[in-house]
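Colleague: Give me the fold of what follows.
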Amino acid sequence: MTIKVLIVDDQMMVREGFSVLLNAMDGIEVVGEAVDGREAIERVAALRPDVVLMDIRMPVMNGLEATREIVASDADAKVLVLTTFDLDEYVYQALRAGASGFLLKDASARQLADGVRVVAAGEALLAPSVTKRLILEFSKISTPQRVADPAGVGELTERETEVLVLIAQGLSNAEIADRLIVAESTIKTHVSRILVKLGLRDRTQAAVFAYETRLVTPG
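Modeller: All right, here's what the predicted structure looks like:
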């Protein structure tokens, strides 16, 4: 199936550049563009894209507010945040708001396409080795509020807690399976149960939960 993408950025050259790159990739089609967060919300409702490439710093409504509204109105929405700076605190806030991942604007065409495919497939935390570093940095420079029910961790089994910690450390399902010496399908089952028990939407939210409840700490 073709992955439908909406590009949201206030710079025309960025929108056009990403459109050209993505439309040249097999199985990906750019179905629309938006110049700010408010227009993005309207375009998402009208076009129902599979993935939204969302810039953060825009006029009228920024990407953080737009991400929060899009995710709140559509639980299946996949937002991939675009940022110029790899230590942008707003990216961490966007992850907390429900974004499925992030990507630097200087990413290569292949990285951009791979990122779109990963998010569209329901995965999150793009490029685990990079994401781990960024989330740790965001945790250091941010003062996120603890979730309302940190005791939710107590509902997890010992193995599920172990898997949650590894997710927060930026490991993929395959890497976690190798670490725990189990089948990747088993890890997928654990991840699904973790999300259900904690009432979270995806792996990104699980990682944020782990940091905010101090199950995992920077360093």
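Colleague: Enumerate every residue touching the closest residue in space to Lys188 that isn't next to it in sequence.
Modeller: Closest residue in space to Lys188, ignoring its immediate chain neighbours: Asn173 at 5.9 Å, by C-beta to C-beta, 6 or more residues apart in numbering. For every residue, glycine as well, the C-beta is placed using N, CA and C. With contacts defined as C-beta atoms under 8 Å, 6 or more residues apart in numbering, Asn173 is in contact with Glu184, Ile187, Lys188, Val191.
Colleague: pLDDT score for Pro128?
Modeller: On pLDDT, Pro128 comes in at 50.
Colleague: Touching, Ala99 and Met54? I think so.
Modeller: Yes. Using C-beta atoms under 8 Å, Ala99 is in contact with Met54, at 7.1 Å.
Colleague: what is in contact with these two at once?
Modeller: Thr67, Val79, Leu80, Val81.
Colleague: just to revisit the earlier point, among the contacts of Asn173, name the buried ones.
Modeller: Burial by neighbour count, 16 or more other C-beta atoms under 10 Å: within the contacts of Asn173 this picks out Ile187, Val191.
Colleague: Greatest separation within the contacts of Asn173: which pair is it?
Modeller: Farthest apart among the contacts of Asn173 by C-beta to C-beta are Glu184 and Val191. That separation is 10.4 Å.
Colleague: Can you name the element that comes right after the worst-scoring helix or strand of the chain on mean pLDDT?
Modeller: Every helix and strand of the chain was ranked by mean pLDDT, DSSP states H and E. The lowest is helix 128-141, at a mean of 57. Once the chain leaves helix 128-141, the next helix or strand it forms, by DSSP states H and E, is helix 158-168.
Colleague: Give the other helices and strands that the helix or strand hosting Val44 contacts.
Modeller: Val44 belongs to helix 37-47 when assigned by DSSP H and E. With contacts taken as 3 or more C-beta pairs under 8 Å, 6 or more residues apart in numbering; DSSP states H and E, helix 37-47 sits against strand 3-8, strand 28-34, strand 51-55, helix 63-73.
Colleague: and these, which is most packed in?
Modeller: strand 51-55 (a mean of 28; mean count of other C-beta atoms under 10 Å).
Colleague: Show me what it is packed against.
Modeller: For strand 51-55, the elements it packs on are strand 3-8, helix 37-47, helix 63-73, strand 79-83, helix 109-120, judged by 3+ C-beta pairs under 8 Å, 6+ apart.
Colleague: give me that answer again for 6 Å
Modeller: strand 3-8, helix 63-73, strand 79-83, helix 109-120 (3 or more C-beta pairs under 6 Å, 6 or more residues apart in numbering; DSSP states H and E).
Colleague: still on that earlier bit, between the helix holding Val44 and helix 63-73, how many degrees?
Modeller: Per axes from the mean of the first three to the mean of the last three C-alpha atoms, to 10 degrees, the angle that helix 37-47 makes with helix 63-73 is 30 degrees.
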